[in-house]
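K.L.:
Sequence first, then the predicted structure:
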Amino acid sequence: MVRVVANLRAMVAGVAVAALALAACSGGGDASPPSGVALGEDGAVGAAFDPDREGPAASIEGAVEGGTVTALSVPESRPYQQTSTMDPTESYYFIPNSILSGLVTRSLTQYVYDPEQGSMVLVPDIATDLGTPNADFTEWSFTIRDGVRFEDGKTVTAEDVAYGIKRSFDRRIFPEGPTYSNEFFLDGDTYKGLYTGGSDYDGVVIEGDTLTIKMERPFPEMPYWGAFPAMGPIPERGSDPDRYALHPMATGPYKFAEFTPGKSLTLVRNEHWNPDTDPGRHAYPERYEFDFAKPWKQIDERDVRQAIGYAWPYQDEAKAIGGTGAVDVFLNVTSILPPGFPGRQDYDVLDVEPGHNDPARAKALLREAGYSPGEYELEFAAYADSVTVDVIVANLEAAGFKATPRMLPPDADLDKFNHDPDAPVNLRIGGWCTDWPSGARWFESLFHSDNDFWAHFAEPAVDTEIERISRLPFQEQPAAWGALDRSIMTDYYPVVVRRYQATPTLHGARIGGVNVDNIYEMPTWKDIYVVQ
């Protein structure tokens, strides 16, 4: 969670809460979609692409320049809170991704907040459009727009983008970075990147201001990968990884002034950013000050699986979490894809009001499956300091199960435990965050038999449909993923969707333009301004 405040002559008292469902990490709360999310008659979310968006970004009514924005977050305790490096090539988790993409570094494409849809839309960034594929999506061409400069005033070229792309292959130097170049680009399994494998790479071809990226296999989702910081320009000069992680060369509206890894970051204006070249970003505040080290307390068989669904303590679990748990979750748990996600459909799997359980119905399903009360044992792992275990046990046992938690020490790797198909549990509790707003990042990772997600789900028919949809043009994929979502949950019910995690963004009364980026689960830094 991030709290945003304004520094003027005095700190302003009072906060407002803005919440929007995300590409869920876990999650529980409101039973309706976030305000402003436009759903069609079938429950699908509106278009998520605008390939023709041009700069400058439309001004925000009432926004003025000036002031300082201070953002507070909790100390690093899990990988997804990583702020120890700000190298774009290694940027994978949501805090560095959102800060770099929103304020500092530019990429081939970018996400912007669309107030009409109440969600993020993919638009061009330093490329003039969302890319041009060949017929089978094994090549993507991007033309780099004129007028983009680094913070030292030098023009960004297609060669700089190619250098950044080649950097992204290096797993030795950037072990925590995203691996999509290795997975999808030509010779990604053998080319080791600039520092390990050298600069000779046949997968990127430059002709003038256009670069063409060659794929190892069809990759219709390249425009999404193009929005990652790793898919932006990095100059060969001064790009030594040890130093670049402390001060990446800005191409966006702000540049690094001071950075203490894992603790703090100060951004000031980049005078060489040209808003006419940028379809998405604004630069209203004078500076941003990030504090990454505030203590949390300062920041406020199918019948049986369905029986678990009816038994789960959706509301009580959210309340047990405490703190912001009452406002940062949505309990409209009717689908795998969360509210605001392209292609998401509203449908009901369980005959109960979303967010509520029905112990009697759970007991009836267990009887139907041949189990007496207390006969079917559910074993699950949890951290020893978990505040939800007692609530979960009480509700499962009230619904006719025997519930046995296996308590792990706080430093145990719960993800590794749950990924082990031979672990001594038959109920695995966790969440999922997607890397971009495509169902492929959900269904390929969670429900394809080749992967080892906690559900350990394997159905050949589902595999075939996942593979078919993954080959469609990315604009055609959302509706197909939404239909597959409904099919999986209706036909198999392999998971109990406990809640959708949302983003509580607390902000001072003099902070304007705060919306929620439902890609990175962070504030929309591009639109923020200080009310004067």
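P.N.:
Received it, and whenever you're ready, just let me know what you need.
K.L.:
Skip the chain neighbours and tell me the closest residue to Tyr180.
P.N.:
Distances taken as C-beta to C-beta, 6 or more residues apart in numbering place Trp225 nearest to Tyr180, at 5.0 Å, with adjacent residues excluded. Using the backbone N, CA and C atoms, a C-beta is placed for each residue, glycine as well.
K.L.:
so who does the one you found touch?
P.N.:
Counting by C-beta atoms under 8 Å, 6 or more residues apart in numbering, Trp225 touches 180-181, 184, 219, 231, 436.
K.L.:
In the chain, what residue spans correspond to helices?
P.N.:
With DSSP state H as the criterion, the chain has helices at 94-99, 158-167, 180-184, 194-197, 222-225, 241-244, 302-311, 314-321, 359-368, 389-398, 414-419, 440-447, 460-470, 477-491.
K.L.:
now for the fourth one, which elements pack on it?
P.N.:
To tie it back to what came earlier, the one meant is helix 194-197. Using 3 or more C-beta pairs under 8 Å, 6 or more residues apart in numbering; DSSP states H and E, the elements in contact with helix 194-197 are helix 158-167.
K.L.:
Run the chain-centre distance for the helix it packs on.
P.N.:
Centre-to-centre, helix 158-167 and its host chain are 24 Å apart (C-alpha atoms, centre = their mean, to the nearest Å).
K.L.:
Likewise for stretch 425-433?
P.N.:
How far stretch 425-433 lies from its chain's middle: 18 Å, per C-alpha atoms, centre = their mean.
K.L.:
Next, the distance between the ends of it.
P.N.:
End-to-end distance of stretch 425-433 (C-alpha to C-alpha, to the nearest Å): 23 Å.
K.L.:
in it, what counts as buried?
P.N.:
Buried residues in stretch 425-433, counted by 16 or more other C-beta atoms under 10 Å: 425, 427-430, 432-433.
K.L.:
ok, which pair from the contacts of Trp225 is furthest apart?
P.N.:
Maximum pairwise distance in those, criterion C-beta to C-beta, is 14.2 Å, between Ser181 and Trp436.
K.L.:
higher neighbour count, these two?
P.N.:
Neighbours were counted for Ser181 and for Trp436 using other C-beta atoms under 10 Å; Ser181 has more, 27 against 20.
K.L.:
thinking that one is in contact with Asp187, fair?
P.N.:
No. Taking contacts as C-beta atoms under 8 Å, Ser181 lies outside contact range of Asp187: 10.3 Å.
K.L.:
which residue sits closest to His247, ignoring its sequence neighbours?
P.N.:
Nearest to His247 is Phe256, by C-beta to C-beta, 6+ apart, at 4.7 Å.
K.L.:
for the one you found, what are its contacts?
P.N.:
Here Phe256 is in contact with 86, 104, 246-248, 250, 265-267 (criterion: C-beta under 8 Å, 6+ apart).
K.L.:
What residues are bridge-paired with it?
P.N.:
Beta-bridge pairing for Phe256 (DSSP bridges): Leu267.
K.L.:
what's near enough to touch Glu459?
P.N.:
447, 449, 492.
K.L.:
That one and Ala398: what is the separation?
P.N.:
Counting by C-beta to C-beta, to the nearest Å, the gap from Glu459 to Ala398 is 32 Å.
K.L.:
Look up how far Pro405 lies from the residue sitting furthest away from the middle of the chain.
P.N.:
Going by C-alpha atoms, centre = their mean, the residue of the chain most distant from its centre is Ser372, 41.9 Å out. Distance, Ser372 to Pro405, by C-beta to C-beta: 22 Å.
K.L.:
just the contacts of Phe256 now: which is nearest Asp303?
P.N.:
Met86 (49.9 Å).
K.L.:
For the closest one, give me its contacts.
P.N.:
Residues in contact with Met86 (C-beta under 8 Å, 6+ apart) are 96, 99-100, 104, 245-248, 256, 259, 261, 265.
K.L.:
now do Ile99
P.N.:
Contacts for Ile99 were tallied using C-beta under 8 Å, 6+ apart; they are 86, 265, 290, 522, 525.
K.L.:
Now render those as JSON lines, adding pLDDT and distance to Lys363.
P.N.:
Below are the contacts of Ile99 laid out as JSON lines (pLDDT from 0 to 100; distance: C-beta to C-beta, whole Å):
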{"residue": "Met86", "pLDDT": "94", "distance to Lys363": "53"}
{"residue": "Leu265", "pLDDT": "94", "distance to Lys363": "53"}
{"residue": "Phe290", "pLDDT": "90", "distance to Lys363": "50"}
{"residue": "Met522", "pLDDT": "83", "distance to Lys363": "42"}
{"residue": "Trp525", "pLDDT": "91", "distance to Lys363": "49"}
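K.L.:
Just those residues: which are in strands?
P.N.:
Of these, the ones assigned to strands by DSSP state E are 265, 290, 522.
K.L.:
my read: the first one touches Phe259, true?
P.N.:
Yes. The pair Leu265 and Phe259 passes the contact test of C-beta under 8 Å, sitting 4.9 Å apart.
K.L.:
So between these two, which is more surrounded?
P.N.:
Applying other C-beta under 10 Å to Leu265 and Phe259 shows that Leu265 carries more neighbours, namely 24 against 19.
K.L.:
In contact with Asp187: list those residues for me.
P.N.:
201-203, 216.
K.L.:
For the stretch 301-450 of the chain, give me the ranges with low pLDDT.
P.N.:
Within the stretch 301-450 of the chain, the stretches with pLDDT under 70 are 322-333.
K.L.:
same thing with the stretch 1-150 of the chain?
P.N.:
For the stretch 1-150 of the chain, the stretches with pLDDT under 70 are 1-47, 74-82.
K.L.:
can you rerun that using 50?
P.N.:
Applying pLDDT under 50 to the stretch 1-150 of the chain picks out residues 1-3, 5-46, 77-80.
K.L.:
Please report the distance of the residue lying closest to Ala394 once chain neighbours are set aside from Glu379.
P.N.:
Leaving out its chain neighbours, the residue that sits closest to Ala394 by C-beta to C-beta, 6+ apart is Pro313, at 7.6 Å. In this view, Pro313 and Glu379 are 17 Å apart by C-beta to C-beta.
K.L.:
Pick out whichever of the two has more residues nearby.
P.N.:
Legend: neighbour count by other C-beta under 10 Å for Pro313 and Glu379, higher for Pro313 (23 against 15).
K.L.:
List the contacts of that one.
P.N.:
357, 391-392, 394-395.
K.L.:
Recalculate using a threshold of 7 Å.
P.N.:
Pro313 makes contact with 357, 391-392, 395 under the criterion C-beta atoms under 7 Å, 6 or more residues apart in numbering.
K.L.:
gap between the closest residue to Leu446 other than its chain neighbours and Pro223?
P.N.:
Nearest residue to Leu446, sequence neighbours excluded (C-beta to C-beta, 6+ apart): Phe453, at 4.5 Å. Per C-beta to C-beta, Phe453 is found 25 Å from Pro223.
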